[in-house]
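Trainee: any chance you can model this:
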Amino acid sequence: MTQIPAATRRLTIDAIRAMKGGAEPIVMVTAYDFSTAQVAERAGVDLVLVGDSAAMVVLGYETTRLVTIEEMLMLTRAVRRGAPSSLVIGDLPYQSYESSNALAIATAQRFADAGCDAVKMEGAGATVERARAVIAAGIPVMGHVGLTPQQTGDPEGFRVHGKTASAALEIIAAARQLDAAGCFSIVAEAMPAAVARVLTPCVSVPVIGIGAGVDTDGQVLVFHDLVGLYDAHVPRYVKRYAELKASMIDAVARYAADVRARRFPGPEHVYRMDPAELEKLNEKVKR
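Mentor: As a prediction, this is how the structure comes out:
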């Protein structure tokens, strides 16, 4: 049986930075509510990301673009309650930071107030300036290059990025810009492992891969993917460590069968009443 690590004190941003190039990779997983956050913290992961992937795996939207700030903040507060000792990063949702530095800072502050230690922002371009402004305002930022679902929008755009030398160079340039802006780490998503291998030493901060091979400074997976709760689309890079959805369906189906057959609740599931009090009750009802 796998040994479960004991929950540890909350890591600092500096501690994550110091894991760059270390022998032990950084472990990050998404969480979206009190229960998934408890699981992540008790399992001993290093970083908990309140991912905008909640749009699809929790809220049933077709893309991450549709989740709102208020929805993300509700999930963030629940995650913080479930993982009080973890370093929590909040994904800033689509159109909540892109248009101006002032908007980016205001949105990031709302996530900090909801319990985040840092926020994540997708892409480069204008995002580099937004990230720089948020960092200057005192809120750490995690960057994100390669496949950036918010910018892709259309599910058809969920594909491998950086397959040509020129496309790979664009990803590396974007990562360097985010590094220079002060991001404390960078997610590298859906790219050839060889590209991530070249990218990782090109920046001074940890690169956390998802669908980017083993040579990054860490790995992240979506909670619902790794435990088998989401089956609408399973990317190639996902490893299923459990099949909880099938187990849950089986459990609810057995519950339904027991109810219909009057096998549940059984004698062990009911509360008792003192016989004398029950007799009094029956007498009063008869009157």
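
Trainee: dump the residue contacts of K280.
Mentor: With contact set as CB atoms under 8 Å, 6 or more residues apart in numbering, K280 has no partners. To be clear about C-beta, it is placed using only N, CA and C from the backbone, and glycine gets the same treatment.

Trainee: if I've got this straight, it is in a strand?
Mentor: No. Under DSSP: H, G, I helix; E, B strand; the rest coil, K280 sits outside any strand and is assigned helix.

Trainee: what about V27, neighbour count?
Mentor: 17 (other CB atoms under 10 Å).

Trainee: would you map out the domains in the protein?
Mentor: Domain assignment of the chain by automatic domain parsing yields the ranges 13-242, 247-286.

Trainee: now do the end-to-end distance for the shortest one.
Mentor: Translated: domain 247-286. 47 Å (CA to CA, to the nearest Å).

Trainee: need the domains of the chain in JSON lines (columns: mean pLDDT).
Mentor: Shown next, in JSON lines, are those (pLDDT from 0 to 100):
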{"stretch": "domain 13-242", "mean pLDDT": "96"}
{"stretch": "domain 247-286", "mean pLDDT": "97"}
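
Trainee: centre-most residue in this structure?
Mentor: T30 (2.0 Å; CA atoms, centre = their mean).

Trainee: how close does it get to E279?
Mentor: 57 Å (CB to CB, to the nearest Å).

Trainee: same check, this time on A102
Mentor: From A102 to E279 the distance is 72 Å (CB to CB).

Trainee: one more: D117?
Mentor: Counting by CB to CB, the gap from D117 to E279 is 61 Å.

Trainee: tell me which of these two has more neighbours.
Mentor: The neighbour count for D117 versus E279, taken as other CB under 10 Å, is higher for D117 (21 against 11).

Trainee: pretty sure the more buried one is touching I13, no?
Mentor: Yes. Applying CB atoms under 8 Å, one finds D117 in contact with I13, separated by 7.0 Å.

Trainee: now do the strands in the stretch 1-150 of the chain.
Mentor: Remark: strands assigned in the stretch 1-150 of the chain by DSSP state E, counting those that start in this stretch are 26-30, 47-50, 87-91, 118-120, 141-146.

Trainee: output those strands as TSV; include the columns distance to Q177.
Mentor: Formatted as TSV, the strands of the stretch 1-150 of the chain follow (distance: least, CB to CB, whole Å):
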stretch	distance to Q177
strand 26-30	21
strand 47-50	22
strand 87-91	20
strand 118-120	16
strand 141-146	9
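
Trainee: can you say which of the ones you listed is nearest to R132?
Mentor: strand 141-146 (8.5 Å; CB to CB).

Trainee: adjacent strands (with direction) for that closest one?
Mentor: Sheet pairing of strand 141-146 (DSSP bridges) gives strand 118-120 (parallel), strand 185-189 (parallel).

Trainee: centre of the chain to the longest one, how far?
Mentor: Here the centre of mass of C-alpha atoms in strand 185-189, compared against the chain's by CA atoms, centre = their mean, to the nearest Å, lies 13 Å away.
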